[in-house]
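Colleague: Predicted model and sequence follow; I will ask about them next.
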Amino acid sequence: MTARLRLHSSHLGLGLTGQRVRDRLIEDLRACGICDGRVLDAIRTVPRHQFVDEALASRAYENNALPIGHGQTISQPYVVARMTEAVLRVQPAKVLEIGTGSGYQAAVLAALGLEVFTVERIGDLLRTARKRFRSLGLHVRSRHDDGRIGWPEHAPFDAILVTAAAPALVSALLEQLAPGGVLVAPVGPPSGQSLLCLHKDAQGEVHQDDLGPVSFVPLLSGLQD
Ligand code: SAH
């Protein structure tokens, strides 16, 4: 699948945000077991340095989470790749993300040609993410809300990604998952979160896989400006 992204020459530059450091990140991800070529292509194409503060741009292609303000983080590229691989397995068309943050995970999904809906509780982060989507020509639908209620008006979704950790699975989200769909979410206390992958079969029965330990910021209630 071709990444649907408007490329400006500045995204292809050399130096600490250029093609060579991006290729090195792709090699790191392969070494960590990411093998879906569509995911690797999307991560190579989406300019991660534009999803962090300019002062951190030189570190954007390291395989690490980075601060984005308000005590939140842009997820580690490996985790973005792992979650994206998990959702692509069901050939989704319509995807919901809870926790827009920087907008990077949503941009990777949109670059894969998926119809993306994303919800963020911090208005300031959402406004910045929307500017990034616009400047990259990416079509992402976003909403300022508490994502624990999902986005019922647009349900069901073929895939749901939760990018903040809750002590237990949020049942409203599982209800908004289409039969045949997949929900990927970090679950558990800060000391011991697991990335769970839940598959809802055609009969509506749910099967669960544990993709391993992760460390996400908490899923919080209520809205912030
Ligand atoms: N997917 C993001 C990761 C951001 S970190 C990225 O690619 O950058 C998780 C985000 O989830 C934070 O921005 C946080 O504000 C948001 N969040 C936490 N609880 C939430 C909730 N109940 N509803 C919506 N967003 C929430």
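Modeller: Good, I have the coordinates. Numbering: from 1, shown residues only.

Colleague: low-scoring pLDDT stretches of this protein, where are they?
Modeller: Within the chain, the ranges that satisfy pLDDT under 70 run 1-14.

Colleague: Centroid-wise, who is the farthest residue in it?
Modeller: Within the chain, residue 203 marks the point farthest from the mean C-alpha position, 27.5 Å out by Cα atoms, centre = their mean.

Colleague: any idea what sits nearest it, other than its immediate chain neighbours?
Modeller: Computed as Cβ to Cβ, 6 or more residues apart in numbering, the closest residue to residue 203 that is not its neighbour in sequence is residue 179, at 7.4 Å. Where C-beta positions appear, they are placed from N, C-alpha and C, glycine not excepted.

Colleague: Give me the neighbour count for the one you found.
Modeller: 12 (other Cβ atoms under 10 Å).

Colleague: hang on, the earlier thing: just say helix, strand or coil for the residue farthest from the centre of the chain.
Modeller: Using DSSP: H, G, I helix; E, B strand; the rest coil, the three-state assignment for residue 203 comes out as coil.

Colleague: One more: the one 10 residues further on?
Modeller: When the structure is reduced to helix, strand and coil (three-state DSSP), residue 213 reads as strand.

Colleague: part of a strand, is the residue nearest to residue 203?
Modeller: Yes - when the secondary structure is assigned by three-state DSSP, residue 179 falls within a strand.

Colleague: what about it, distance to the ligand?
Modeller: 25 Å (Cβ to the nearest ligand atom, to the nearest Å).

Colleague: next one: residue 167
Modeller: Distance, residue 167 to the ligand, by Cβ to the nearest ligand atom: 13 Å.

Colleague: wait, that residue sits on residue 190?
Modeller: No - between residue 167 and residue 190 no contact is recorded; they are 9.7 Å apart, counting by Cβ atoms under 8 Å.

Colleague: Enumerate every residue touching the closest residue to residue 166 other than its chain neighbours.
Modeller: Leaving out its chain neighbours, the residue that sits closest to residue 166 by Cβ to Cβ, 6+ apart is residue 219, at 4.2 Å. With contacts defined as Cβ atoms under 8 Å, 6 or more residues apart in numbering, residue 219 is in contact with 98-99, 147-148, 162, 164-166, 170.
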